[in-house]
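Novice: Take this sequence and fold it.
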Amino acid sequence: MLSILEYLCINSLNTPISKYHIINKIPVIRQQRQDRVSSIMSILEANGFIKSIRTSADSTFYQITNEGIEAYSKWVKDFLDFADQPIHKRTAVTI
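Specialist: Below is the predicted model of the structure:
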């Protein structure tokens, strides 16, 4: 999910991108079944992180929304904050 959001943050700000493009251009997504990618895209759209644009040729293109950019930025910041912590503060297990 984060790989798709990251790709859309970088590549779809001005130009919508097709699901075919997403499946074939994101290395970690290439290994996923198309129905799983469709499910992820539906979840992202339902949460307002991306919007779909349907063309008259029955093609669908996707573009990141401001909410998607904000969510991606927050997730990245949270991850970097987590990774920056000393290892003993990351785990809640005490010995």
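
Novice: Specify the helix with the largest residue count in this structure.
Specialist: In the chain, taking DSSP state H as the definition, the longest helix is helix 66-84.

Novice: how distant is it from the center of its chain?
Specialist: 11 Å (C-alpha atoms, centre = their mean, to the nearest Å).

Novice: could I have it exported to PDB, CA atoms only?
Specialist: Output of helix 66-84 as PDB, limited to C-alpha atoms (Å, rounded to 0.1, in the frame of the first residue of the first chain):
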ATOM      1  CA  ASN A  66      -4.100  15.900  -0.800                       C
ATOM      2  CA  GLU A  67      -5.300  13.500   1.800                       C
ATOM      3  CA  GLY A  68      -3.100  10.800   0.300                       C
ATOM      4  CA  ILE A  69       0.000  13.000   0.300                       C
ATOM      5  CA  GLU A  70      -0.700  13.900   3.900                       C
ATOM      6  CA  ALA A  71      -1.200  10.300   4.900                       C
ATOM      7  CA  TYR A  72       1.900   9.100   3.100                       C
ATOM      8  CA  SER A  73       4.000  11.900   4.700                       C
ATOM      9  CA  LYS A  74       2.700  11.000   8.100                       C
ATOM     10  CA  TRP A  75       3.400   7.300   7.700                       C
ATOM     11  CA  VAL A  76       6.900   8.000   6.400                       C
ATOM     12  CA  LYS A  77       7.600  10.400   9.300                       C
ATOM     13  CA  ASP A  78       6.300   7.900  11.800                       C
ATOM     14  CA  PHE A  79       8.500   5.200  10.300                       C
ATOM     15  CA  LEU A  80      11.600   7.400  10.300                       C
ATOM     16  CA  ASP A  81      10.900   8.500  13.900                       C
ATOM     17  CA  PHE A  82      10.600   4.800  14.800                       C
ATOM     18  CA  ALA A  83      13.800   3.900  13.000                       C
ATOM     19  CA  ASP A  84      15.700   6.800  14.600                       C
END
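
Novice: counting contacts, what elements does it pack onto?
Specialist: Helices and strands touching helix 66-84, by 3 or more C-beta pairs under 8 Å, 6 or more residues apart in numbering; DSSP states H and E, are helix 2-11. From N, CA and C alone the C-beta is placed, and that goes for glycine too.
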